[in-house]
Each structure stands twice: as structure tokens, then as C-alpha cells.
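Participant: build the 3D model from these lines:
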Amino acid sequence: MTNQEDFRLEWHGDVVVVTPASNIESMNWDLIEQAADLIMAPLRDQEVPLVIVDLSEVGYFGSVFLALLLRCHKFVKSKGGELVLCGASEMAAELLRITALDTLWAIYDTRDEAMDAIS
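Facilitator: Residues are numbered from 1 along each chain as shown. Have a look, this model is predicted:
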């Protein structure tokens, strides 16, 4: 069962900042759908969802977390919104480069930069 501790959601006007916990990579595949629903539930009412995923507490992640991000991305895009990333560690940034996902999402160094860009 996924729970609120896996993710912190903060609202800043129309922008929601999602901060995954550092243990995100230990999340099971079967929890991805639940986690995605948990994150996207408050966005269902947004006309144009704007999402910043703050990776500053996550050192490393793999396919499970990428699947979660892609799921959220699809949902946000389907509503004409935008999802961006910030605070990626060197290892995380490298993984996003290798998988070419850095071409799908804008990646900012800091939350403030992401906030300026998206709002």
C-alpha cells in the first residue's frame, strides 16, 4: 500500500510540487498505479495541471520511478498541462540523459528556476 509519506504534495498557486521520498526506488511495481493516482487525484480538477517533480531528496531511481513519471506526464499532457523536473542528482540527471527523457521534460537545477519557468 502506498501512502502519503512516499510523496509530499505542495500547492503554489496553480502549480503542484511533488517531492518523492528518498526511498522511492524501493516502491513495488504494483504500487505505481496507486502512487500515480495519489499524485494525480488533486490534478483532476485543474483545468491545466502544472507539475514540478522535485528530485532533490532522491539520489537514484530506476525503471519503476520512470514508469510513474511517464504515467503522470501522459495525464498532465492530456489536459494540456506541463510537467517539469528539478533538483536531479548527477546520477539521476545522467539516467534521464541516457534514456533521452531529458528531451521529454525540462530539467531545472532548483525549484525556484522550475517555478519561474512553469508559472
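Participant: how about the strands in the chain?
Facilitator: In the chain, the strands defined using DSSP state E lie at 7-12, 15-20, 50-54, 82-86, 107-108.
Participant: what's the angle from the third one to strand 82-86?
Facilitator: With axes from the mean of the first three to the mean of the last three Cα atoms, to 10 degrees defining the directions, strand 50-54 sits at 20 degrees from strand 82-86.
Participant: rewinding a little: looking at the strands of the chain, which is nearest to residue 63?
Facilitator: strand 15-20 (14.7 Å; Cβ to Cβ). Every residue, glycine included, has its C-beta placed from N, CA and C.
Participant: show me the shaky parts of the chain.
Facilitator: Residue ranges of the chain with pLDDT under 70: 1-5.
Participant: centre-most residue in it?
Facilitator: residue 53 (3.4 Å; Cα atoms, centre = their mean).
Participant: tell me the contacts of that residue?
Facilitator: Taking Cβ atoms under 8 Å, 6 or more residues apart in numbering as the criterion, residue 53 is in contact with 17, 18, 19, 20, 69, 72, 83, 84, 85, 86.
Participant: one more time with 7 Å, if that's ok
Facilitator: Going by Cβ atoms under 7 Å, 6 or more residues apart in numbering, residue 53 touches 18, 69, 83, 85.
Participant: circling back to that earlier point, need the strands of the chain in a markdown table (columns: distance to residue 98).
Facilitator: A markdown table is the format used below for those (distance: least, Cβ to Cβ, whole Å):
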| stretch | distance to residue 98 |
| --- | --- |
| strand 7-12 | 25 |
| strand 15-20 | 20 |
| strand 50-54 | 18 |
| strand 82-86 | 15 |
| strand 107-108 | 13 |
